[in-house]
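> Pasting the sequence and the predicted model now:
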Amino acid sequence: MGGVAVDDGPSGVKAPDGGWGWAVLFGCFVITGFSYAFPKAMSVFFKELIREFGVGYSDTAWISSILLAMLYGTGPLCSMCVNRFGCRPVMIVGGLFASAGMITASYCTNIIQVYLTVGVITGLGLALNFQPSLIMLNRYFSKVLKKKAPQKLLDFSVFRDGGFLVYTIAASIMVLGLFVPPVFVVSYAKDLHYPDTKAAFLLTILGFVDIFARPICGIVAGLKWVRPRCVYLFSFAMFFNGFTDLMGSMSYNYDGLVVFCIFFGISYGMVGALQFEVLMAIIGTQKFSSAIGLVLLIEAVAVLIGPPSAGKVLDATGKYMFVFIMAGTEVVTSAVVLALGNICCIKKKTEHKEDAEEREELNKMPSQKAEGDKVDSLEVEHFLKDEKNGEVVTNPETCV
């Protein structure tokens, strides 16, 4: 769920819709996989990092949090780089940053150095790869959804929109707990004395289910009856995810964790498929680029707090149950906030918009009627006259 860079590239160039574009699509697929999976995959090494550096779970959780924050919060920076240098140079530099960060991390002697190398440098590199890749797809495939980029990089007038405020508050509460289970589920399995390979396989299960959940949820959200109610579907997805966390707190063996990962993958995929679509439905397409940039900047702060605070709870209690309960409570709370906010703010705004459109249509009707009357009078005049040899003459049979 990274940020989105604004595409100010030339719109007059016709996209090839195929050919080399398929190679670009494959490259973007690989980039997306690395960008989404890497913050979760770091949790596989948490136990080893704890032993190596003598730190707690909260300290190691900062690695994934910083990675996610870099992905979320660097949208404006990526926009400026793409607009100034183009997609290809930015992505090349991003790849070099990501590689350099990981190679340098292998020489780290303390956890602070890991924060800098893996969190900041690799996180920035992944962001510089991921966000321009979205633009590359737009330029190679004209049939994908395109947004008209606004002149301003960030339009702060979106904060005057009540629906946007409700969405931002709910999304910020959600990301406090959304990424906590993937960060800690592998360590949980290791603490239950399961082999490292079996523990890491839990992330494979989660990711595999997520792959199928996203497109299926997107198809459902596009149905004629569901689309006007996509905010409620998003609220359900958030509630489903939080409820899964609460149920996962009662998992005490590997089979229970497998079931948890299956349902978490479904709910996580639903959230990922709906979050930006719902924001666009609330704010509209014209201000979407600014809205998503500001939302992700705010969420970047929340995602910095979530996993480390869960790690603090784990260090204090030594029980994963409380970690999952805290994450589930936060995500369920966000679902309730969005659902109630939709009833109080978003739905009313939509109804007012529909009323305004209806009034505009009614205002157009008199002018359309006048035009219709004019057309009718011309038809009558044409009926009353005949044309002979290019000249209009009066027909005595119809002349009044």
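Nice, I can see it.
> which residues in the protein form strands?
Counting by DSSP state E, the chain has these strands, from start to end: 385-388, 391-394.
> mind checking how far residue 164 is from residue 221?
Residue 164 sits 20 Å away from residue 221 when distances are taken as Cβ to Cβ, to the nearest Å. For every residue, glycine as well, the C-beta is placed using N, CA and C.
> Counting neighbours, go ahead and name the busier of these two.
residue 164 (23 against 20; other Cβ atoms under 10 Å).
> and the more buried one, what does it touch?
For residue 164, the contacting residues are 158, 279, 282-283, 291, by Cβ atoms under 8 Å, 6 or more residues apart in numbering.
> Next: residue 203.
For residue 203, the residues meeting the contact criterion (Cβ under 8 Å, 6+ apart) are 37, 40-41, 43-44, 182, 185-186, 261.
> which of the residues you listed are buried?
Applying a neighbour-count criterion of 16 or more other Cβ atoms under 10 Å, the buried members of those are 37, 40-41, 43-44, 182, 185-186, 261.
> residue ranges with poor pLDDT in the stretch 251-400 of the chain?
Low-confidence segments of the stretch 251-400 of the chain, defined by pLDDT under 70, span residues 289, 346-400.
> in it, which spans are helices?
Residue ranges of the helices in the stretch 251-400 of the chain, as given by DSSP state H, counting those that start in this stretch, are 254-283, 288-317, 320-341, 347-384.
> picking that back up, redo the contacts of residue 203 as a markdown table? Include distance to residue 311.
Putting those into a markdown table (distance: Cβ to Cβ, whole Å) gives the following:
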| residue | distance to residue 311 |
| --- | --- |
| 37 | 20 |
| 40 | 15 |
| 41 | 17 |
| 43 | 11 |
| 44 | 16 |
| 182 | 14 |
| 185 | 13 |
| 186 | 14 |
| 261 | 20 |
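> Check the gap between the nearest residue to residue 270 once chain neighbours are set aside and residue 244 for me.
Residue nearest to residue 270 in three dimensions, not counting chain neighbours: residue 237, with 3.7 Å by Cβ to Cβ, 6 or more residues apart in numbering. The spacing between residue 237 and residue 244, counted by Cβ to Cβ, is 11 Å.
> so what's in contact with those two at the same time?
Going by Cβ under 8 Å, 6+ apart, residues that sit against residue 237 and also against residue 244 are residue 267.
> Among these two, which residue is more densely surrounded?
residue 237 (27 against 24).
> That one: what's it in contact with?
Taking Cβ under 8 Å, 6+ apart as the test, what residue 237 contacts is 217, 267, 270-271, 274.
> hmm, which two among these are most spread apart?
Considering Cβ to Cβ, no two members of those lie farther apart than 267 and 274, which are separated by 10.8 Å.
> circling back: pick the one among the buried ones among the contacts of residue 203 closest to residue 118.
Using Cβ to Cβ, residue 41 is the member of the buried ones among the contacts of residue 203 that sits closest to residue 118, with 11.0 Å.
> Contacts only, for that closest one.
Taking Cβ under 8 Å, 6+ apart, we find residue 41 in contact with residue 203.
> 10 Å instead?
Contacts were defined as Cβ atoms under 10 Å, 6 or more residues apart in numbering; by that measure residue 41 touches 34, 64, 182, 186, 200, 203, 207.
> how close does the closest residue to the last one other than its chain neighbours get to residue 328?
What it means is residue 207. With sequence-adjacent residues excluded and distances taken as Cβ to Cβ, 6+ apart, residue 207 is closest to residue 37, at 6.4 Å. Here the criterion is Cβ to Cβ. By it, residue 37 lies 23 Å from residue 328.
> same deal with residue 306?
13 Å.
> which residues are common contacts for those two?
When contacts are counted by Cβ under 10 Å, 6+ apart, residue 306 and residue 328 have 177, 180 as shared neighbours.
> Counting neighbours, go ahead and name the busier of the two.
Set side by side, residue 306 and residue 328 show more neighbours around residue 306, with 26 against 23, by other Cβ under 10 Å.
> how about that one, what does it touch?
When contacts are counted by Cβ under 10 Å, 6+ apart, residue 306 touches 61, 64-65, 68, 173-180, 183, 299, 326-327, 330.
> surely residue 39 meets residue 182?
Yes: when contacts are counted by Cβ atoms under 10 Å, residue 39 is listed as touching residue 182 (8.1 Å).
> Find the residues that touch each one of the two.
Common contacts of residue 39 and residue 182, defined by Cβ under 10 Å, 6+ apart, comprise 64, 307.
> Would you mind listing the outside residues contacting stretch 28-37?
The set of residues that contact stretch 28-37 without belonging to it, under Cβ under 10 Å, 6+ apart, is 1-2, 41, 67, 71, 91, 94-95, 98, 123, 125-127, 129-137, 140, 182, 203-204, 206-207, 210-211, 272.
> Mind giving me the PyMOL command for buried ones among those?
In PyMOL, this line selects whichever of the contacts of stretch 28-37 come out buried by 16+ other Cβ under 10 Å:
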select buried, resi 1+2+41+67+71+91+94+95+98+123+125+126+127+129+130+131+132+133+134+135+136+137+140+182+203+206+207+210+272
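> from the contacts of stretch 28-37, which ones fall inside helices?
If you go by DSSP state H, those have 41, 67, 71, 91, 94-95, 98, 123, 125-127, 129-137, 140, 182, 203-204, 206-207, 210-211, 272 in helices.
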